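Chemist: Task: produce atomic coordinates for the following.
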Amino acid sequence: MKKILYLLIFFLWFTGSSLYAINFFEINLLEPLTPFHILKLPLKGIPEDVHFLDANIKLFFENEEVEHTSHYPILKNSREETFSLIHFLWLPESSTDFQKPSKMVVSYNFGLPLPTYSLLLQVGFNCKTNFRLPIAKFHLQIETGNQQQIHKTNSKAVIFIHGIMGGRYEQILQGFSDKDNENKDWKNSVLKQYWQKHYQYDDVDYFEYQFDSLFQSAKFYGEKMCELIETTGLLEAYDKIYLIAYSMGTIVARYAMNTPLINNDDYLGNHINKAFMIGGVLEGTFFANLVDFIITQMHLPPHPEIINTNKSLMMSESFYKTLNMLYHLEAYVFDPDAVSDFLQRFLELYRINPLLANILFISFEDVPFIGGQLIPFAGMSSMRYTSKTFLSQLEQGLNLPGETYIQNIELLTLNKNERFKEKLILINSYLDDAEEILKTIIKTSKYFSLQNVFNNIPTLNHNVDILSIPYVQFIGQRALSLIMKQLGEISSEPLHSMNDGFVTLWSEQMTDHYVGIKKENIYLLKNLDHAQIKDHPQFLELVKHLIQND
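Modeler: Purely as a prediction, here's the structure:
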């Protein structure tokens, strides 16, 4: 029988229907609290459009009181039980030195409701001044007569479909707020800049499909996109329509093309001339499966429970070094050797303690830099890998229980029934020089310090903006590519290990379902990472040529 970690001495757990009802409970701890501890929090009565908890943790020590406030995602396990996980990874940054608190008090309430959204934005563009201006916004369920009209100038239309929008908690909130929107009709500054370099010519009309990407599946967003395009009159207004999609947007676009129209016996894909798939997750990415562990292996108690995930002293020493690097990444991020070492340590942590590694992925501001990057909401989960064989091999290679990883049946079904392969243009990439490039950078970095340059830029928020620096992204994507390669080599199929730092070439090329895709419509740009390929000049020129000469 497992050792009991805590004694619940006082428990008040309010589950009222109000969004802002405060829920709290008190725990008397019987041993020191460490970053290895996790609080399992079963939840009930969660409103459909609430996806986060706002939690406050108070620890009472003999001579001091420590308080921590953060946001935690609300998840569902494979048994459809709702829960959240509260961690203590922030403890090394406090002054507690892992003492035993006399008690812990946790209070929480539901976060703001974040209803999913889908909209189509028409953007006017002046090629001479390179100026863009939103001129119409189209929503579903707008009363007849209140819907805006298309401003048709040309006979061709281009529709952009972005990828998943995750990251920091505040960034997510920005996408759901129309109040004081400095970006006008773009949901946030990221979306405003997302397709800027793709506005290259003035003989097409431009549209951007914007969707929250998080809380519904790619199939859901694709169906809404199809409905928007049909109800706004685009199919009647334009002679030719082109889709340009990136990352998660590639499967959103394909779901849309394979959705039946409402008003006639037809599919949207029959009205699309070409669909450009940039860095496509056409067979998913096994990167999205890495957080399946907390979905399939999370067994919930009836009441809040603290567990200790640590199994060995050696793991403790290694993990504290990893955690220290994480909290002070600005001291390491310009050193490719340190970044590679951090990711290798993280992979080892995933092998030994997958639950704690999953916690690092899904947490927000209290886990700097990587927190919030991989949350298994419906959007991320719709990018799971389609290869059951590979996922089983990965489970065995990482010594995980069988059925830890969830096969993407929905995407597999789309691929088997894809009706418009001849219209797909695949823009793929992979990194085969990642190791060589990192070694070269390590050598040259001995002669100058980019970290000093970064530290002398007063306009940058070091904890927020550091990952947006192209040099940092360049290093990170290549180091991550080597980790993905290491995981992919579990399979004898080399295309599972060839990747761009997020997606494997096996997925980009739709390897298991490629029959029907024209050979001349597959383009491979070597040594471009997942972030680089979207705006690469070679690709921009290719799209411009194919659209203007069609």
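
Chemist: quick check: mean pLDDT across the host helix or strand of Ser340?
Modeler: Secondary structure assigned from DSSP states H and E places Ser340 in helix 336-352. Computed over helix 336-352, the mean pLDDT rounds to 87.

Chemist: same check, this time on stretch 84-98
Modeler: 75.

Chemist: Tell me the secondary structure of Leu546, please.
Modeler: Assigned with DSSP: H, G, I helix; E, B strand; the rest coil, Leu546 falls in the helix class.

Chemist: From Lys274, how far off is it?
Modeler: Using C-beta to C-beta, to the nearest Å, one obtains 7 Å as the distance from Leu546 to Lys274. For glycine as for every other residue, the C-beta is placed from the backbone atoms N, C-alpha and C.

Chemist: list the helices and strands the helix holding Ser340 packs on?
Modeler: Under the contact definition 3 or more C-beta pairs under 8 Å, 6 or more residues apart in numbering; DSSP states H and E, helix 336-352 sits against helix 313-327, helix 354-362, helix 434-444, helix 470-488.

Chemist: Can you list the buried residues in it?
Modeler: Of the residues in helix 336-352, those scored as buried under the neighbour-count criterion (16 or more other C-beta atoms under 10 Å) are 336, 338-343, 345-347, 349-350, 352.

Chemist: Likewise for stretch 398-412?
Modeler: Neighbour-count burial for stretch 398-412 flags 398, 400, 404-408, 410-412 (criterion: 16+ other C-beta under 10 Å).

Chemist: what's the answer for stretch 299-318, then?
Modeler: Across stretch 299-318, burial judged by 16+ other C-beta under 10 Å covers 300, 304-307, 309-310, 315.

Chemist: Stretch 220-234 too?
Modeler: Neighbour counts over stretch 220-234 (16+ other C-beta under 10 Å) mark 220-232, 234 as buried.

Chemist: coming back round to it: which one of Leu546 and Lys274 is surrounded by more residues?
Modeler: Set side by side, Leu546 and Lys274 show more neighbours around Lys274, with 19 against 15, by other C-beta atoms under 10 Å.

Chemist: can you map out the strands along the stretch 51-200 of the chain?
Modeler: 52-60, 65-73, 75-76, 82-87, 103-110, 118-126, 131-139, 156-161 (DSSP state E, counting those that start in this stretch).

Chemist: Flag the helix or strand of the protein with the lowest per-element mean pLDDT.
Modeler: The least trusted helix or strand in the chain, going by mean pLDDT, DSSP states H and E, turns out to be strand 6-12, with a mean of 37.

Chemist: For the next helix or strand after that one, name the packing helices and strands.
Modeler: Downstream of strand 6-12, the next assigned helix or strand under DSSP H and E is strand 23-29. In this structure, strand 23-29 makes packing contacts with strand 6-12, strand 103-110, judged by 3+ C-beta pairs under 8 Å, 6+ apart.

Chemist: so where's the stretch 101-250 of the chain uncertain?
Modeler: Within the stretch 101-250 of the chain, the set of residues satisfying pLDDT under 70 comprises 142-147, 177-184.

Chemist: Now with 50, please.
Modeler: For the stretch 101-250 of the chain, the stretches flagged by pLDDT under 50 are 180.
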